[in-house]
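Participant: Let me see the structure of the following:
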Amino acid sequence: MSSIALLIPILGVSIPIVAIVGGIGSKIFTRWADLKEKQLGITATIAGEQAAQYAAKIERLEAHVAVLNRIVTDKGTGLSEEIEALRTPAPKLPLN
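Facilitator: As a prediction, the model looks like this:
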């Protein structure tokens, strides 16, 4: 009988403590979930901006390749001479 008599006050104190901790835990979880949602939104925004930058870079590179293709196909005979002219070092001019 004495062990049951000891459990009644322990349960009487434990139940409110569990309820309070459970309420705080749910608030903490809600704040954590909101933070994670904001982090995912920021990550998605950054990824979208990087994708746009990469797309612009690819577009520029494709334009450069198109110019190079046009140069190769239009001036096929003088191209080797132009390449050789680029290989020779430019004369050094005095600074003054």
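Participant: alpha carbons only for contacts and neighbour counts from here, please
Facilitator: Noted.
Participant: Quick check: next helix or strand after whichever strand or helix holds Tyr54?
Facilitator: Tyr54 is part of helix 2-74, with elements assigned from DSSP states H and E. Counting by DSSP H and E, the next helix or strand C-terminal to helix 2-74 is helix 79-87.
Participant: and the angle for that following helix with helix 2-74?
Facilitator: On the basis of axes from the mean of the first three to the mean of the last three Cα atoms, to 10 degrees, helix 79-87 is oriented at 120 degrees to helix 2-74.
Participant: low-scoring stretches of this structure, by residue?
Facilitator: Where the chain drops to pLDDT under 70, the residues are 1-2, 75-79, 84, 88-96.
Participant: From Ala85, how far off is Ile42?
Facilitator: 51 Å (Cα to Cα, to the nearest Å).
Participant: nope, Asn69 is what I meant
Facilitator: 19 Å.
Participant: With Asp74 instead?
Facilitator: 18 Å.
Participant: And Leu35, by the same measure?
Facilitator: Distance, Leu35 to Ala85, using Cα to Cα: 61 Å.
Participant: And for Arg31?
Facilitator: From Arg31 to Ala85 the distance is 67 Å (Cα to Cα).
Participant: State the distance from Glu81 to Val67.
Facilitator: Separation of Glu81 from Val67 (Cα to Cα) stands at 18 Å.
Participant: what does Arg31 give?
Facilitator: From Arg31 to Val67 the distance is 55 Å (Cα to Cα).
Participant: now do Leu7
Facilitator: Noted for Leu7: a distance of 87 Å to Val67, by Cα to Cα.
Participant: before we move on, what about Leu86?
Facilitator: With Cα to Cα as the criterion, Leu86 and Val67 are 18 Å apart.
Participant: got it, and Ile15?
Facilitator: For Ile15, the distance to Val67 - Cα to Cα - is 78 Å.
Participant: go on, Leu40?
Facilitator: 41 Å.
Participant: Then Ala85?
Facilitator: Separation of Ala85 from Val67 (Cα to Cα): 20 Å.
Participant: same check, this time on Val18
Facilitator: 73 Å.
Participant: before we move on, what about Leu11?
Facilitator: Using Cα to Cα, one obtains 83 Å as the distance from Leu11 to Val67.
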